[in-house]
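Asker: Here is the input, now give the coordinates:
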Amino acid sequence: MTRTELSEAIAIALDALRANPLRSVLATLGITIGVSFVALMGWFLAGLDSSLQHTINMLGEDMLYVDKWDWSGRTSWVEVSNRKPISYRQAQELADAVRTAQYAMPMGQTRAQLSVGSRKAESIPVAGVPHDYGNTPAGAVTRGRFFTEMEGRSGAPVAVLGPVIAKQLFPDEDPVGKEIRIAGQRFTVIGVVRQRGTLLSDFADRLVLIPLERFLRLFGSGQRSFITVLKAGSLERLDDVREEARLLMRKIRRLRPEQPDDFTINETRSLEQSIAVLRQSVWGVGLSMSALSFLVGIIGIVNITFVSVVERTQEIGIRKAVGARRRAIALQFLAESVVLCTAGAVLALLFCTGLVLLVRLLIPAAEFLTPYIPPQHIAVALLVAFTAGILAGWAPALRAARLHPVEALRYE
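Answerer: Numbers count the residues shown, from 1 in each chain. Model (predicted):
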């Protein structure tokens with residue numbers, strides 16, 4: 001196959017498509033829909049992976065959270081809700097007893113009203129943590145500072161805000177040094193934690209951190225369930241910390257050997273498993289819809305190409321009579337099929353590009369999603385469309401190439 005033959009085949013294919021624009025558009029509709037599914041699925045999954053990585057960075061790869069609740073959702077809600085709360089005494093006892101962790105600390109959580117003058121924010125998550133929490137990824141501040149050991153031990157009325165709640169309460173000014181009220185009591189804002197907001201970790205941007213001692217005075221312990229936060233210090237020590245924490249917690253909760261754990265040790269791996277399930281669902285639905293759309297598109301293009309062969313039978317006879325080879329005839333119709341599919345893919349990618357831009361404009365919080373289709377997914381979409389074109393045009397191209405020139409010239 002020479003370059004001249006290929007360029008001539010593409011030129012003839014483009015002329016044929018321009019002669020029947022409506023038919024060409026309808027024929028490529030299935031391919032357009034299929035490529036759209038492939039591109040959007042890849043775009044969403046890329047954003048999902050980015051969100052997961054942001055969440056892991058926020059929580060910390062070497063972090064463990066001993067909690068009553070299972071963050072991954074693997075345990076049934078009924079079973080988890082029937083567990084006894086982890087008391088403050090139990091959470092503190094575990095933090096004091098564990099030896100393999102770099103940091104171990106209890107944490108309490110509740111929801112409260114925040115206010116600054118006339119501005120109010122209802123049901124905002126408030127966490128009581130020791131000063132060591134500032135040494136974890138979730139406690140890293142971008143403005144101001146975290147509270148000191150002295151402030152933590154004395155229960156000073158100081159607070160570190162998540163960036164979302166900071167912007168909500170102080171839209172036009174720096175919140176550091178300003179006064180807020182939490183459940184009616186005055187607190188001084190001393191810092192703002194780093195922006196971490198993604199699909200999975202938006203809660204961190206809305207969290208308000210105060211000293212644990214102040215939390216206990218303000219909200220009490222009561223029937224509240226506490227969390228023990230463990231920082232292993234490295235991934236190599238993570239298994240040792242997890243196993244020690246599990247054995248200690250079973251002892252603290254006085255569980256018999258045959259009884260199952262009535263607590264969960266949450267970590268980033270559980271989020272990865274949850275994301276894996278979501279990825280499988282997206283892949284399953286996306287690939288099924290894409291395959292169906294491509295099948296419909298290929299059938300449509302096969303029919304259109306066969307019609308084109310019939311309409312141009314005399315033309316094929318004339319070309320063969322003047323010396324055109326079978327390869328050139330077949331290439332002409334293969335090129336027409338490939339150009340049809342490629343045109344459908346280009347239309348799909350233009351549509352998807354506009355759609356993802358619109359999504360980012362309408363949903364600013366979806367920062368984990370890129371405002372463009374990743375280049376590798378564009379390449380995959382074009383490759384799939386090219387392959388579909390080859391498959392759709394193969395049978396019509398063979399039929400055209402095998403026509404006898406005399407019978408083709410007689411066809412009316």
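Asker: In contact with Leu45: list those residues for me.
Answerer: Taking C-beta atoms under 8 Å, 6 or more residues apart in numbering, we find Leu45 in contact with 279, 282-283. (C-beta placed from N, C-alpha, C; glycine too.)
Asker: Which one of these is nearest to Ser337?
Answerer: For these, the closest approach to Ser337 (C-beta to C-beta) belongs to Trp283, at 27.8 Å.
Asker: I'd like the domain boundaries of this protein, if you could list them.
Answerer: 3-55+272-410, 84-262 (automatic domain parsing).
Asker: which one of those has the lowest average pLDDT?
Answerer: The minimum mean pLDDT among the domains of the chain belongs to domain 3-55+272-410 (a mean of 77).
Asker: circling back: just the contacts of Leu45: which are in helices?
Answerer: Counted as lying in helices by DSSP state H, out of these, are 279, 282-283.
Asker: Going through those, which ones are buried?
Answerer: 279, 282 (16 or more other C-beta atoms under 10 Å).
Asker: Can you say which of the domains of the chain is nearest to Val66?
Answerer: Of those, nearest to Val66 by C-beta to C-beta is domain 84-262, at 4.2 Å.
Asker: can you give me how far that closest one is from the chain middle?
Answerer: From the chain centre to the centre of domain 84-262 is a distance of 26 Å (C-alpha atoms, centre = their mean, to the nearest Å).
Asker: all strands for this protein, in order.
Answerer: 63-67, 103-116, 119-129, 141-144, 158-161, 179-182, 185-193, 208-211, 227-231, 264-266 (DSSP state E).
Asker: quick check, distance from the first one to the centre of its chain.
Answerer: What that stands for is strand 63-67. 23 Å.
Asker: Mean confidence (pLDDT) on that strand, please.
Answerer: pLDDT averaged over strand 63-67 gives 91.
Asker: Partner strands of that strand and their direction?
Answerer: strand 227-231 (antiparallel), strand 264-266 (antiparallel) (DSSP bridges).
Asker: who's in contact with it?
Answerer: Under C-beta under 8 Å, 6+ apart, the answer for strand 63-67 is 59, 71, 86, 91, 94, 101, 136-138, 225, 227-232, 238, 241-242, 245, 249, 263-268.
Asker: now those residues: which count as buried?
Answerer: Looks like those have 59, 86, 91, 94, 101, 136-138, 225, 227-232, 238, 241-242, 245, 249, 263-268 buried, using 16+ other C-beta under 10 Å.
Asker: ok, Thr264 - contacts?
Answerer: Thr264 neighbours (C-beta under 8 Å, 6+ apart): 66-71, 75, 80.
Asker: related to what we said a few turns ago, save the strands of the chain as a markdown table, and put in distance to Arg325 too.
Answerer: What follows is those, written out as a markdown table (distance: least, C-beta to C-beta, whole Å):
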| stretch | distance to Arg325 |
| --- | --- |
| strand 63-67 | 69 |
| strand 103-116 | 77 |
| strand 119-129 | 74 |
| strand 141-144 | 69 |
| strand 158-161 | 76 |
| strand 179-182 | 82 |
| strand 185-193 | 71 |
| strand 208-211 | 77 |
| strand 227-231 | 73 |
| strand 264-266 | 68 |
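Asker: before we move on, the earlier item: dump the strands paired with strand 63-67 to JSON lines, plus distance to Leu347.
Answerer: Below are the strands paired with strand 63-67 laid out as JSON lines (distance: least, C-beta to C-beta, whole Å):
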{"stretch": "strand 227-231", "distance to Leu347": "51"}
{"stretch": "strand 264-266", "distance to Leu347": "45"}
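Asker: mind checking which of those strands is nearest Arg186?
Answerer: Comparing the strands paired with strand 63-67 by C-beta to C-beta, strand 227-231 comes nearest, at 26.4 Å.
Asker: for the stretch 1-150 of the chain, what spans make up the helices?
Answerer: Here the stretch 1-150 of the chain has its helices, by DSSP state H, counting those that start in this stretch, at 3-19, 21-59, 77-81, 88-97, 149-154.
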